[in-house]
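Enquirer: using only what follows, build the 3D model:
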Amino acid sequence: MPASGRRRVAGLRREDLARLAGISEPYLTRLEQGVDRHPSPQVLRALARALELDVDTSAHMFVLAASHPVQHAETEVTEDVHQLLDTWVGSPAYVRNRRFDVLAANKQARALAPMYEPGHNLARDMFLDPDIRQLLPDWPEIAAQTVAALRAEADPRDPRTARLVAELEANDDFRTLWARHDARPSRDELKRFVHPVVGELALRRQALTVGGAEQQVIIVYQAAPGSPSAAALVRLL
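Expert: Below is the predicted model of the structure:
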């Protein structure tokens, strides 16, 4: 943006954003006020480009701009997926939906952490279960990743998601992270645990979408072959 004199507040003014995006200021005002709720993909891309949003945040904006909220149906995990989880004898694995409710888990996952028991919500346990902070030595980073992934994957217009967020906002840590508006889906990353029985583990996390059930995600943890973490996984059960 060319210099235009002293500004009273930081950031783009409405007229600046409209100019950068190539749309009219009155139309941008209608979007901000919710009067116009159906911006075209071209307008969304122009706004993402003007605001220099990254890929994840741009994708999140497109979800929020959709005419209807994403439905987080509580579909059952198929028998084939249950069998798949059980074949990963040396790898903790579980299935969650995009609201972070755990739907299924193999024995290794349930032995690794109580939050992987079906029926638990990962975001709720992350912030409301004090034992999780002892289990995860990198808790601040993992907590931030969890909040960013929840925002990116779960539609806040879904009633159960809205109730979950309202419940968690009573927690200071969650409320601070949620206010940052970070949006980043789960990635394949290294995650450390300090298990009360087998000690420290460093496991590589893989996130896989379930075919035919796009609202379900399989999370698998793997240890490097021959590593102390691989030996610790054998001792889990």
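Enquirer: could you find the closest non-adjacent residue to the spatially most central residue of the chain?
Expert: Residue closest to the average C-alpha location in the chain (CA atoms, centre = their mean): residue 149, at 1.3 Å. Once flanking residues are discounted, residue 149 sits nearest to residue 186: 4.8 Å by CB to CB, 6 or more residues apart in numbering. Placement of C-beta: from N, CA and C, glycine included.
Enquirer: contacting residues for the one you found?
Expert: Shown in contact with residue 186 (CB atoms under 8 Å, 6 or more residues apart in numbering): 145, 149, 153, 205, 207, 217, 219.
Enquirer: which SS class is the residue nearest to the centre of the chain?
Expert: helix (DSSP: H, G, I helix; E, B strand; the rest coil).
Enquirer: residue 183 versus that one, what's the distance?
Expert: As judged by CB to CB, to the nearest Å, residue 149 and residue 183 stand 8 Å apart.
Enquirer: could you do residue 231 as well?
Expert: Distance from residue 231 to residue 183, by CB to CB: 37 Å.
Enquirer: these two - which one has more neighbours?
Expert: residue 183 (22 against 12; other CB atoms under 10 Å).
Enquirer: just checking, which helix or strand of this protein averages the lowest pLDDT?
Expert: helix 55-65 (a mean of 78; mean pLDDT, DSSP states H and E).
Enquirer: which residues touch that one?
Expert: 38-39, 41, 44-45, 47-48, 53, 70, 151-152, 155-156, 183-185.
Enquirer: what about the helices in the chain?
Expert: Remark: helices assigned in the chain by DSSP state H are 14-21, 25-33, 41-50, 55-65, 79-87, 107-112, 122-128, 130-135, 139-153, 159-168, 172-178, 228-234.
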